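Q: Here's a sequence, model it:
(one chain, ligands or ions: 1)
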Amino acid sequence: MGYALAEAAKDLKMEVSLISGPVNLPNPKGVHLVRVETAIEMQEAMESQFEGTDLIIMCAAVSDHRPSVKYEKKLRKDEFPNRIIFKRNPDILKILGRKKKKNQVLVGFAAETNDILNSAQNKLKEKNLDWIVANDVSKNDIGFSSDKNEVTLISVDGFQMQIPSNNKSKIAKEILDAIYPSCLEKVR
Ligand code: C5P
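A: Residues are numbered from 1 along each chain as shown. The predicted model follows:
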């Protein structure tokens, strides 16, 4: 979805930075691409670009936890620990929500399997977002690892719009077309 959104934003003549975790997709043309591997690297990249950015869309499925020990080399069977301890990853979007200025538009995604709209609305408030894109990931043919998606776009002002199943590039275009006027209003 991130790659499709970057393309759609570029088509609207925006200057686009795409901060991407590991994916199997070609580099998009005309977009500043920053590749990261870990949640901490993603946080650093997002925070370093945040200040001068008018619209931030965060759709990466960042892991909420990471193993507390990182091994630099492969472990042999007899070296492997009996237990793996996890620690919390930063909630990047929540951190950005706290730093958000009046003229910035912050958009999050909510990948849900049940009680989709309520959970998305809670995240919208909790993370101080302007928009949230609710995504039902319980269906096999849309969302993760699929070229298709089907979402509901919700704004902090109560506007709600369902975008029916379509290619991710079409969905991305519809999301940006809906959000764009509110960006222009804030930036002005
Ligand atoms: O709480 P949940 O993970 O469902 O929230 C989803 C939103 O938060 C997405 O926009 C995702 O990119 C962002 N997120 C984040 N950092 C995390 C986990 C999620 O920025 N550690």
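Q: use CA for all of it now, contacts and neighbours both
A: OK.
Q: who in the chain is up against the ligand?
A: Counting by Cα under 6 Å from any ligand atom, the chain comes close to the ligand at 58-64, 89-93, 108-111.
Q: Inside helices: which ones of those residues?
A: Mapping those onto helices (DSSP state H) picks out 92, 93.
Q: Show me which of the residues of the chain next to the ligand are buried.
A: Neighbour-count burial (16 or more other Cα atoms under 10 Å) applied to those gives 58-60, 62, 89-93, 108-111.
Q: Show the contacting residues for the spatially most central residue of the chain.
A: Per Cα atoms, centre = their mean, the C-alpha nearest to the average position across the chain is that of residue 59, at 1.4 Å. Residue 59 makes contact with 1, 2, 108, 109 under the criterion Cα atoms under 8 Å, 6 or more residues apart in numbering.
Q: Quick check, the third one in contact with residue 58.
A: Read that as residue 108. Yes - using Cα atoms under 8 Å, residue 108 is in contact with residue 58, at 5.1 Å.
Q: shared neighbours, these two?
A: By Cα under 8 Å, 6+ apart, the residues touching both residue 108 and residue 58 are residue 93.
Q: Check the spatially closest residue to residue 32 that is not a sequence neighbour and give its pLDDT.
A: Excluding the flanking residues, the one nearest residue 32 by Cα to Cα, 6 or more residues apart in numbering is residue 17, at 4.6 Å. The model reports residue 17 with a pLDDT of 98.
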